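Asker: Sharing a sequence plus its predicted fold:
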Amino acid sequence: MNGLFVATPSPALVEMVGAAGYDVAILDAEHALVSPDTLQEMIRAAEVSGVAPWVRVPEHDPGFVLRVLDAGATGIVVPHVRCRADVEAVVRAARYAPEGLRSLNSGRMVGHGRTELATHVAQANRRVSVVAMIEDAEALEVIDEIVTTPGLDMVLEGAADLSQSLGVPWQTRHPHVRAAVDQVHAACARHGVRFCAIPRVPADHARWQARGVTDVVLGEERSLAVRAFRSRVSEIPGYCREFRSHAQVIADAVDGPEPVCLFSYDLRALQEHAKAVVAALPDRCRMFYAVKANSDERVVAALDGIVAGFEVASGGELRVVGDAAPDASVLMGGPVPTDTELAAGVAAGVTRFHVESALGLHRLSDAATAAGTTAEVLLRVNLAGPFPAATIAMAGRPTQFGIDESALPEAIAAVADLPGVRLAGFHLHSLSNNLDPATHLTMLGHYRDAVLAWEERFGVRAEVVNVGGGIGVDYAALDTPFDWPAFCRGLHDLLSTFPTHWREVDFECGRFLVARCGVYAAEVLDVKHIHGQAHALVRGGNHHFRLPSSWAHSHPFHVVPADAWPAGRPRPEVAGEEVTICGELCTPKDTLARAPVERLRAGDVVVFEAAGAYGWDISHHDFLRHPHPERVFLAPEDG
C-alpha cells in the first residue's frame, strides 16, 4: 500500500493523488481545518479517482468517526494512540454489531435505501480499516497490548511526534527514535499485524523493504508540492541581465562568500557567431546544431531561428528541443536509439531519422507504422576513407558508428521493403575537430563520389546528403580559428559538382558553434610543489569540465588576480615557471592544464577559455559529491 497524507481541503487535489497512482489518500482532519461539506466532497473525489479515502480523525470521538464513515471513508487513522482503550473506542465506533456499535442509517453508504442494510453491514465491517498511530512514548510501554486489540487492522509509525515525546524534537533519525519505531515494528511482527512506515529518505525505503514492509505513507502533499515547486523554479531556464561580459560575472563572484566556480555563457556572442556561420553557407546548404555539444535549453533557444534546426541523439535531447524550440526542425540519430525514443521522435514529428543498422530500420518501421505515418530516413554509412587527421575518428576504422559499406545493400533493401520508412539520402559523419578547411573539402568530395556510386549501383536517388559536423576548434591556438569563410568559398565551388537532385546538403555542427561562447572559472584553493613540480589546486575539476582529460590536452586559460586574502594566512604562489592546474578530485587524472605562468596565487581565479562545448554536459557531475558550479547565461539579443 502506498499512501499519502492530504491536508489541503481540495477535492481536485484528491483526484490528482488518485491519478498519480497512490492506493490511499489519508485526508487529514487532525491538522487541517476541513469543513464537513468539503470533507464529503474530498471523499467523493477519492472514489471517482480510484484511491481509497481514509480520514485521520482529530480525536477519538465516536461521533466524528461515525460521520466520516457515513460520508464514505473506508479507513480511520487514529492519532496519538496511547493505550488499548483508545483503539477499542474507535473500533466500537467504526464497526457494526457484533464487532462494534456503529449506528445504522440509510444515507449514501446504502445508496439512500437501494442497498439492504444487512448487506451493507456485512460489507462495511470487512472494508473499513482501523489504523493506530503510535506517536507517544507512553504507548511504547504497552505496545503489545495495543497491537493485539481486536478489530485493529494496521499500526502506523509517527516518528515526528514520537521524537518530541522522547525528548529529541524533530530528530526523526535519532537513535532513540529509530529504536522506538523498530520496537513498534517488532511488536506488529510478533502478533501478525500490518505495520506501515513513513520513509523519509531513500535509505529508509531500502531498510523497510529489506524487512518485508510493503505498507508505506510517502509523506504529505503540501511538503511534496512545495519541494516540487521550488525545484521547478530552480530549473526554469533564466538569463542574467545584470552583467554583459564574462569578466563582470567573474569579478562579482570573486566578491562572493564562496570560492569561485562557474560557467559563464555569452548567448549574444553565440548568436552573432552562428548568424555569421549560417550567412556564409552557399545555397542548398543548411546548418543544424548538434545538441550534444551543449544541451542547455537556453543555448537551444538562443540558436532557434538562426540555425535550420537541431540534431538530437537521444530522447532526452528531443525533449530539450521540444521545450526550448517547439517549432524547430529536428534530425534524430544516435548509435542505437530505443523503441521508446524512436516512437517519441515519430510522435514529435522529427524531420529525418539517421539510422545506423538494419535492426534500427526495423525499429523505426515499427514505430512509424504504429503511428500511421512514414519516417524519412538517411542511412549513416561508415566509409572506408581515407580521411584527414582529426582529434576523433568515427569512420574509416573499426568503430561502433554507422553501417559498414559491405552491409549497405542489405540496409537499402530493407528500407525499400519495410513499411513506414522512406529513403531520403545518406548521412556521413566521419570525424570530429578537423582544423583544416582544404582537407575538409577534400573529404566532402569523397562523400560526393561515394553517394553517386551508390545511386548508380542501387538505383536510388538521394534528396539529402548530411555531411555531419567535424569542423574543429584548435584549443592550442585559439587566435587562429578554422577559416570558415575560406571553407565556404571552396564549398560553393564544390557544390557545382553535386547533382541538382540533392536538394539539401546538411551540416550538423556543435563545437564549432558554441565552444567560444563559454568560459569555466575556478578559484585556486592551494598551490604547492611536489617533487620539484608546481601544482595549483582549484575549486572544480574534470567533474565539471572533463574535456581536457577526455582529450588529454592542456586547456588554454588566463589568470584573473584577486587581491583579497584572509589576514594571517600564508598565501602560496608560483611565479615564472610551469604549473599543473589540478581539480579537487581524489585522482591524479583530474588535471585541466599544464603551462608556464607569470604568477599564480591561492585565491586567484583561473579562467578556461572556449569552454562552451563538451564541458559541463559530458562531465561526471556527482563524483565525490562536490557542489555543482554556478552556470550563468548572459542574455541573448531577444532575452
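Answerer: Good, I have the coordinates.

Asker: Thr587 belongs to a strand?
Answerer: No: per DSSP: H, G, I helix; E, B strand; the rest coil, Thr587 lies outside any strand segment and is coil.

Asker: That one: what's it in contact with?
Answerer: If you count contacts by CB atoms under 8 Å, 6 or more residues apart in numbering, Thr587 has none. (C-beta placed from N, C-alpha, C; glycine too.)

Asker: can you do 10 Å?
Answerer: Shown in contact with Thr587 (CB atoms under 10 Å, 6 or more residues apart in numbering): 541-543, 549, 623-624.

Asker: Now, of the residues you listed, which are buried?
Answerer: Using 16 or more other CB atoms under 10 Å as the burial test, these include 541-543, 549 as buried.

Asker: hey, where'd the helices end up in the stretch 1-150 of the chain?
Answerer: Per DSSP state H, counting those that start in this stretch, the stretch 1-150 of the chain carries helices over the ranges 11-19, 36-49, 62-70, 84-94, 117-127, 137-140, 143-147.

Asker: Point out the least confident one among the buried ones among the contacts of Thr587.
Answerer: Among the buried ones among the contacts of Thr587, Ser549 has the lowest pLDDT, at 93.

Asker: Check which helix or strand it maps to.
Answerer: Per DSSP states H and E: Ser549 is located in helix 547-551.

Asker: Helix or strand next in line after that helix, which one?
Answerer: strand 557-560.

Asker: what residues does that following strand touch?
Answerer: With CB under 10 Å, 6+ apart as the test, strand 557-560 has contacts from 246-247, 250-251, 253-254, 260, 519-524, 536, 548, 579, 581, 592-593, 595, 597-601, 604-609, 611.

Asker: picking that back up, possible to save the helices of the stretch 1-150 of the chain as CSV with mean neighbour count?
Answerer: Converted to CSV, those look like this (neighbours: other CB atoms under 10 Å):
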stretch, mean neighbour count
helix 11-19, 18
helix 36-49, 18
helix 62-70, 18
helix 84-94, 20
helix 117-127, 13
helix 137-140, 18
helix 143-147, 20
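
Asker: Looking at the ones you listed, spot the one closest to Ala564.
Answerer: Proximity to Ala564 (CB to CB) singles out helix 11-19 among the helices of the stretch 1-150 of the chain, at 50.6 Å.

Asker: So which other helices or strands are in contact with the closest one?
Answerer: strand 2-6, strand 24-28, helix 36-49, strand 52-56, helix 221-235 (3 or more CB pairs under 10 Å, 6 or more residues apart in numbering; DSSP states H and E).

Asker: what's the closest of these to Val14?
Answerer: Distance to Val14, taken as CB to CB, is lowest for helix 36-49 among the helices and strands packed on helix 11-19, at 4.1 Å.

Asker: wait, which of the helices of the stretch 1-150 of the chain is closest to Gly490?
Answerer: So among these, helix 11-19 is nearest, using CB to CB, at 58.7 Å.

Asker: pLDDT on the closest one, on average?
Answerer: The average pLDDT for helix 11-19 rounds to 97.

Asker: Centre of the chain to it, how far?
Answerer: With CA atoms, centre = their mean, to the nearest Å as the basis, helix 11-19 stands 25 Å off its chain's centre.

Asker: by how many degrees do it and strand 52-56 diverge?
Answerer: 120 degrees (axes from the mean of the first three to the mean of the last three CA atoms, to 10 degrees).

Asker: Use 47 as the first number from now on
Answerer: Okay, residue one is now 47; in that scheme the one you just asked about reads as helix 57-65.

Asker: how about the CA coordinates for helix 57-65, as CSV?
Answerer: Extracted C-alpha coordinates of helix 57-65, given in CSV (Å, rounded to 0.1, in the frame of the first residue of the first chain):
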residue,chain,number,x,y,z
PRO,A,57,-11.4,17.7,-3.9
ALA,A,58,-9.5,18.4,-7.1
LEU,A,59,-6.2,17.7,-5.3
VAL,A,60,-7.5,14.4,-4.1
GLU,A,61,-8.3,13.5,-7.7
MET,A,62,-4.7,14.3,-8.6
VAL,A,63,-3.5,12.0,-5.9
GLY,A,64,-5.6,9.2,-7.3
ALA,A,65,-4.4,10.0,-10.8
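
Asker: list the contacts for Ala91?
Answerer: For Ala91, the contact set (CB under 10 Å, 6+ apart) comprises 52, 56-64, 71, 73, 97, 99.

Asker: and what of Glu267?
Answerer: Counted by CB under 10 Å, 6+ apart, Glu267 has contacts 50-54, 56, 59-60, 62-63, 66, 68, 71-72, 74.

Asker: next one: Met155
Answerer: 115-119, 161, 163, 166, 169-170.

Asker: which among those gets closest to Gly153?
Answerer: Distances from Gly153 to those, taken as CB to CB, are shortest for Asp116 (5.4 Å).

Asker: Do I have it right that that closest one meets Ala139?
Answerer: No: the criterion here is CB atoms under 10 Å, and Asp116 misses it with Ala139 at 11.2 Å.

Asker: What helix or strand is Ala232 located in?
Answerer: Assessed by DSSP H and E, Ala232 sits inside helix 221-237.

Asker: the domain parsing of the protein - what is it?
Answerer: 48-276, 292-308+562-680, 379-555 (automatic domain parsing).

Asker: Next, format these as JSON lines and append distance to Val353.
Answerer: Shown next, in JSON lines, are the domains of the chain (distance: least, CB to CB, whole Å):
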{"stretch": "domain 48-276", "distance to Val353": "33"}
{"stretch": "domain 292-308+562-680", "distance to Val353": "14"}
{"stretch": "domain 379-555", "distance to Val353": "9"}
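
Asker: in the stretch 297-446 of the chain, which spans are helices?
Answerer: 313-326, 343-349, 361-370, 385-394, 404-417.

Asker: Pipe those into JSON lines and attach mean pLDDT and mean neighbour count per row.
Answerer: Shown next, in JSON lines, are the helices of the stretch 297-446 of the chain (pLDDT from 0 to 100; neighbours: other CB atoms under 10 Å):
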{"stretch": "helix 313-326", "mean pLDDT": "97", "mean neighbour count": "18"}
{"stretch": "helix 343-349", "mean pLDDT": "94", "mean neighbour count": "24"}
{"stretch": "helix 361-370", "mean pLDDT": "93", "mean neighbour count": "19"}
{"stretch": "helix 385-394", "mean pLDDT": "94", "mean neighbour count": "18"}
{"stretch": "helix 404-417", "mean pLDDT": "96", "mean neighbour count": "19"}
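
Asker: closest one to Gly109 among the ones you listed?
Answerer: Among the helices of the stretch 297-446 of the chain, the nearest to Gly109 by CB to CB is helix 361-370 (52.4 Å).

Asker: Show me what the closest one is packed against.
Answerer: Here helix 361-370 touches helix 343-349, strand 355-358, strand 375-378, helix 385-394, going by 3+ CB pairs under 10 Å, 6+ apart.

Asker: Adding distance to Cys534, write the ones you listed out as a markdown table.
Answerer: As requested, those are exported to a markdown table (distance: least, CB to CB, whole Å):
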| stretch | distance to Cys534 |
| --- | --- |
| helix 343-349 | 19 |
| strand 355-358 | 19 |
| strand 375-378 | 21 |
| helix 385-394 | 31 |
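
Asker: Okay, the most centrally placed residue in the chain and Gly380: tell me how far apart.
Answerer: Nearest residue to the geometric centre of the chain (CA atoms, centre = their mean): Gly362, 8.1 Å. From Gly362 across to Gly380, the span is 11 Å (CB to CB, to the nearest Å).

Asker: before we move on, what about Phe603?
Answerer: 33 Å.

Asker: for Phe669, same thing?
Answerer: Distance from Phe669 to Gly380, by CB to CB: 25 Å.

Asker: returning to what we had before: quick check: neighbours shared by Asp116 and Ala139?
Answerer: In contact with both Asp116 and Ala139: 148-149, using CB under 10 Å, 6+ apart.
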